[in-house]
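*Asks:* this is a predicted model, with the sequence first.
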Amino acid sequence: MPDTEHTLRPEYLAVLDELVRWFQSGRLDPEGPRSGDRRQPRGRTHFAEGHLTEDLAAATDPRTGPATAAFLRYEADPLNPGELVEGKDAVVTNRSVDHSALSGTYMIVVRMNGEWRPLWSDCEPFDSGE
């Protein structure tokens, strides 16, 4: 087989650079891919779980009228495997005109187009009894 010279497109080189930085640092970007950021490998999906710290209203229009609310993400407890602790604050963007949730509701969110969006939520806020 003859030797052939291969050249990579600039966007592939950017992804490779990001992967090298990731391996060197030993961790992923916890905020997930950013909207329009081509350095992030495609197909990487980021999920988070936590609870709303304020009420989340339904959107008035999916494209132009989203609703937002504060969200407290949970992280793995390094001292107690299998348990979660409160982590970083985030903002959830709701683009559904049919879904709303109250403060304290447990929710799973997905990072999409630079926004944390509701993927699933409990029907009622969690009452810890405290």
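*Replies:* Thanks, I have it. Every value quoted in this text rests on a predicted model; they were computed, and no experiment measured them. Numbering: from 1, shown residues only.

*Asks:* avg pLDDT for stretch 88-99?
*Replies:* Taken as a whole, stretch 88-99 has a mean pLDDT of 95.

*Asks:* now the strands for this structure?
*Replies:* 47-52, 67-76, 84-94, 106-112, 115-121 (DSSP state E).

*Asks:* adding distance to T60 and mean neighbour count, write those out as TSV.
*Replies:* To be clear about C-beta, it is placed using only N, CA and C from the backbone, and glycine gets the same treatment. Output for these, formatted as TSV (distance: least, Cβ to Cβ, whole Å; neighbours: other Cβ atoms under 10 Å):
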stretch	distance to T60	mean neighbour count
strand 47-52	19	19
strand 67-76	8	17
strand 84-94	10	16
strand 106-112	19	18
strand 115-121	16	18
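
*Asks:* now those strands as CSV including distance to D61?
*Replies:* Below are these laid out as CSV (distance: least, Cβ to Cβ, whole Å):
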stretch, distance to D61
strand 47-52, 21
strand 67-76, 10
strand 84-94, 12
strand 106-112, 17
strand 115-121, 15
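
*Asks:* nearest to D17, out of those?
*Replies:* Shortest distance between D17 and these, using Cβ to Cβ, is found for strand 106-112: 21.0 Å.

*Asks:* what's that closest one packed up against?
*Replies:* For strand 106-112, the elements it packs on are strand 47-52, strand 84-94, strand 115-121, judged by 3 or more Cβ pairs under 8 Å, 6 or more residues apart in numbering; DSSP states H and E.

*Asks:* what's next to the second one, contact-wise?
*Replies:* Around strand 84-94, the neighbours that count as contacts under Cβ atoms under 8 Å, 6 or more residues apart in numbering are 30, 48-50, 52-53, 56-59, 66-77, 100, 107, 109, 115-118.
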